[in-house]
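Q: Build the 3D model from these lines:
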Amino acid sequence: MRGESGDVRITAEVASTHTPVLFRAAVERAAELLKAGEVVALPTETVYGLAANALDPSAISRIYAAKNRPATNPLIVHVASGELAASCVSEWPSAADRLAASFWPGPLTLVVPKADRIPASITAGGPTVAIRWPSHPFMQAVIRACGFPLAAPSANRANQISPTTAQHVLRQLGDRIPLVVDGGPCQVGIESTVVDVTSEPAHLLRPGMIHEESLAAVLGEIRVSRRTDGVLRSPGQFQKHYAPKAKLIVRSWRNAAEYQAVVASLVGAPERLHVLAHDRIPPEPGAAQISVIPHEPDAYARAMYAEWHRCDECGAECILVEAVPPTPAWRAIADRLQRAATGG
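A: This is a model prediction of the structure:
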């Protein structure tokens, strides 16, 4: 297909999946391109991924080029069976076994010692590999059709907002890749939880919607930290990440007067200010648009990136986000807000 999306000239083919016939055709088309060493955008339950053969260094290089991604930022390898996961690792710790039994398929990535067959470009030259078994039926079907694991970071340009719809992918990468598969909105909405199980206790490297209490219930203990040892072990470790084009500011307010004081402290034209609230709904004056996101972590996560995309598309210069509660259930959302606001 060819068409216009903003100022991006769309050259990517778009494949739908909303009927069984279209689903099968999209699987065949995606697998055909992946086997030929191409990159394709595929839906997962977390965010849309930009997939390539995880065993093919040339294909992996196409991911980095399409995203303008730094080579120091490793990729997650996606599998659709325990056997395929085992083929990617040199060791499978008992902690990995317990977590996989509890949360796979699903939005959990495990960092484990890598097998020799995993290219260094996947792991940023490090000795470990991040592996996930996604629950999305289309992603699983494509991996099985290919017969090899897929590297699949989020299908966006580096440091920009992760896509949760095919339209988000097209706006950022529609002129850079041959195929975008439209699987509808993502059901989780933010990137996976990442746990490093190469030592005891395990380390939570990136929070996600599988919370640390759930992980600790399986493992007994887990530490929250960013382990680099000079090499990043998983994506999502950079200080600034997942950011909209607009400046994002996180603030709290208890009433209308405090809200107005926050707005008055911001520099810029009021018509370019967009507000995202979830608990204390502000009065209309003082912003071009006010959106209310559900005051529940899972629903908030599903809506968050889509709202950021909408603000950018509407030409917002500043996005004022109401601070979320400082509780473990909101940790992943607070993490994304903090990274998006860094340097803003």
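Q: Not counting residues beside it along the chain, what's closest to the residue nearest the centre of the chain?
A: Centroid check for the chain by Cα atoms, centre = their mean gives E191 as the closest residue, at 3.3 Å. The spatially closest residue to E191, leaving aside those adjacent along the chain, is T46, at 5.5 Å (Cβ to Cβ, 6 or more residues apart in numbering). All C-beta spots, glycine's among them, are computed from the backbone N, C-alpha and C.
Q: what residues are up against the one you found?
A: Listed by Cβ atoms under 8 Å, 6 or more residues apart in numbering, the contact set of T46 reads P107, P134, C186, V188, G189, I190, E191, S192, G208.
Q: And stretch 49-57, what's buried?
A: G49, L50, A51, A52, N53, A54, L55, D56 (16 or more other Cβ atoms under 10 Å).
Q: which of those residues lies closest to S162?
A: S162 lies nearest to G49 out of those, by Cβ to Cβ, at 9.4 Å.
Q: in the stretch 201-344 of the chain, which spans are helices?
A: Secondary structure of the stretch 201-344 of the chain by DSSP state H, counting those that start in this stretch: the helices cover 212-219, 256-265, 297-313, 331-341.
Q: closest one to Q140 among those helices?
A: Q140 lies closest, by Cβ to Cβ, to one member of the helices of the stretch 201-344 of the chain: helix 297-313, at 20.6 Å.
Q: and that closest one, average pLDDT?
A: Per-region confidence: helix 297-313 scores 95 on mean pLDDT.
Q: again, but for stretch 316-329
A: Stretch 316-329 comes out with an average pLDDT of 93.
Q: same question, stretch 258-277
A: For stretch 258-277, mean pLDDT rounds to 83.
Q: One more: stretch 186-195?
A: 96.
Q: so how far is that stretch from its chain's centroid?
A: 6 Å (Cα atoms, centre = their mean, to the nearest Å).
Q: shift numbering so it begins at 6
A: Yes, from this point I'll number from 6; that puts the last item at stretch 191-200.
Q: Mind listing what's buried along it?
A: Buried residues in stretch 191-200, counted by 16+ other Cβ under 10 Å: C191, Q192, V193, G194, I195, E196, S197, T198, V199, V200.
Q: same check, this time on stretch 180-190
A: So for stretch 180-190, counting by 16+ other Cβ under 10 Å, buried means R181, I182, L184, V185, V186, D187, G188.
Q: do the same with stretch 110-119
A: Neighbour counts over stretch 110-119 (16+ other Cβ under 10 Å) mark P110, G111, P112, L113, T114, L115, V116, V117, K119 as buried.
Q: end to end, how far does that stretch reach?
A: Start-to-end span of stretch 110-119 (Cα to Cα, to the nearest Å) is 20 Å.
Q: quick one: average confidence on that stretch?
A: Stretch 110-119 comes out at a mean pLDDT of 97.
Q: Also stretch 22-30?
A: Here stretch 22-30 scores 97 as its mean pLDDT.
Q: Could you do stretch 43-56 as well?
A: 98.
Q: how long is it end to end?
A: Start-to-end span of stretch 43-56 (Cα to Cα) is 8 Å.
Q: now it: how far from the chain's centre is it?
A: 10 Å.
Q: okay, now the domains of this structure?
A: The chain breaks down into these domains under automatic domain parsing: 8-229, 252-346.
Q: tell me the most buried of these?
A: Greatest average neighbour count among the domains of the chain goes to domain 8-229 (a mean of 20), per mean count of other Cβ atoms under 10 Å.
Q: picking up where we left off before, and of the helices of the stretch 206-349 of the chain, who's closest to A71?
A: Across the helices of the stretch 206-349 of the chain, A71 has its closest neighbour in helix 302-318 (18.5 Å, Cβ to Cβ).
Q: What is that closest one packed up against?
A: In this structure, helix 302-318 makes packing contacts with helix 171-178, strand 278-282, strand 294-297, helix 336-346, judged by 3 or more Cβ pairs under 8 Å, 6 or more residues apart in numbering; DSSP states H and E.
Q: Now tabulate these in TSV and tack on distance to R149.
A: Supplementary listing: these in TSV, determined by distance: least, Cβ to Cβ, whole Å:
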stretch	distance to R149
helix 171-178	22
strand 278-282	39
strand 294-297	39
helix 336-346	29
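Q: quick one: which of those is nearest N78?
A: Checking those against N78 by Cβ to Cβ gives helix 336-346 as the closest, at 13.3 Å.
Q: Could you export that closest one as PDB, CA atoms only?
A: The C-alpha coordinates for helix 336-346 follow below in PDB (Å, rounded to 0.1, in the frame of the first residue of the first chain):
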ATOM      1  CA  ARG A 336       6.200   1.000  39.500                       C
ATOM      2  CA  ALA A 337       6.400   0.200  35.800                       C
ATOM      3  CA  ILE A 338       4.200   3.200  34.800                       C
ATOM      4  CA  ALA A 339       6.200   5.500  37.100                       C
ATOM      5  CA  ASP A 340       9.400   4.200  35.500                       C
ATOM      6  CA  ARG A 341       8.200   5.000  32.000                       C
ATOM      7  CA  LEU A 342       7.000   8.500  33.100                       C
ATOM      8  CA  GLN A 343      10.400   9.200  34.800                       C
ATOM      9  CA  ARG A 344      12.400   8.100  31.700                       C
ATOM     10  CA  ALA A 345      10.100  10.100  29.300                       C
ATOM     11  CA  ALA A 346      10.500  13.200  31.500                       C
END
